[in-house]
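**Student:** my questions concern the predicted model and sequence given below.
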Amino acid sequence: MDATQKRIENFKKVERFPVTSPDQLKSSLPRALYAWWQTFLPELPSRANFDITKHRELVSNIFLIEVVGDGHFLYRLHGERVTQLVGRSNHNTRFSAESSLLDDRLLAEHLHNVITARAAYHCFGNLSMFDREFIQFESLDCPLADAEGNITHILGVLVDIQEGDL
C-alpha cells in the first residue's frame, strides 16, 4: 500500500456521525460543548454567541475553524492540548479540498459534511492520520451560523481518551 492510500485508510478509520443525543459523547469536554450548542436549536449559534470566558474548561482543547469560502477553511484557534495531540499547531493555517496535503483535503471534505448537515458531528478513533495511532481521541465539531443562516465557523473540542474513559 502506498503512503497516500495508507493516509486515506487511516482517515477512514475514524468514526464520524451527527450527534442526536449527548449520550453519544464519551468525554466531559465534548458533552459540555454540545450542551451549550444544543441550547440554540433549532437555530444555530453564531460565533458571537460563544464566550470563551464562560467555558474556561475548554480552552486547551478547543479549536475554531473559519469557513472562508466554498470548501476553503482557516484555523483561527488551536488550543495547546490540541497542538500536543496532533503534533503541530495549525493556527492561521488555510486548507481546502484542493490543498496539496491529503490530510487537509480529507478534513475539508469532512467539514463540508458538517456544513451540509448543519449538525454537530462526533468523531472517535485514533490519531493515526497524524502518525499518532497510539492516541485514542474524541472530538465534536459544531457549526456556527451568521444572521442569514450561513455557516461561518466550526467550533470544536478534541480530547484524548484512555481505555477507562470508554
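**Tutor:** Done, it's in. Numbering: from 1, shown residues only.
**Student:** show me what contacts Thr93?
**Tutor:** Neighbouring residues of Thr93 by CB atoms under 8 Å, 6 or more residues apart in numbering: Leu74, Tyr75. Placement of C-beta: from N, CA and C, glycine included.
**Student:** measure it to Val14 for me?
**Tutor:** The gap separating Thr93 from Val14 is 20 Å, by CB to CB, to the nearest Å.
**Student:** quick check: next helix or strand after the longest strand that the chain contains?
**Tutor:** Secondary structure of the chain per DSSP state E: the longest strand is strand 132-145. Next along the chain after strand 132-145, taking DSSP states H and E as the criterion, comes strand 151-161.
**Student:** could you give the angle of that following strand to strand 132-145?
**Tutor:** Strand 151-161 runs at 150 degrees relative to strand 132-145, counting by axes from the mean of the first three to the mean of the last three CA atoms, to 10 degrees.
**Student:** what strands flank strand 151-161, and is each parallel or antiparallel?
**Tutor:** Note on strand 151-161: by DSSP bridges, its sheet partners are strand 62-69 (antiparallel), strand 132-145 (antiparallel).
**Student:** closest to Ile151 out of the ones you listed?
**Tutor:** Smallest distance to Ile151 across the strands paired with strand 151-161 (CB to CB): 4.7 Å, for strand 132-145.
**Student:** all strands for the chain, in order.
**Tutor:** Secondary structure of the chain (DSSP E): strands located at 15-18, 62-69, 72-78, 94-96, 121-127, 132-145, 151-161.
**Student:** mind putting those in JSON lines, mean neighbour count included?
**Tutor:** Output for these, formatted as JSON lines (neighbours: other CB atoms under 10 Å):
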{"stretch": "strand 15-18", "mean neighbour count": "13"}
{"stretch": "strand 62-69", "mean neighbour count": "18"}
{"stretch": "strand 72-78", "mean neighbour count": "19"}
{"stretch": "strand 94-96", "mean neighbour count": "18"}
{"stretch": "strand 121-127", "mean neighbour count": "19"}
{"stretch": "strand 132-145", "mean neighbour count": "20"}
{"stretch": "strand 151-161", "mean neighbour count": "22"}
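**Student:** where does this protein dip in pLDDT?
**Tutor:** Counting by pLDDT under 70, the ranges of the chain that qualify are 1-13, 127-135, 162-166.
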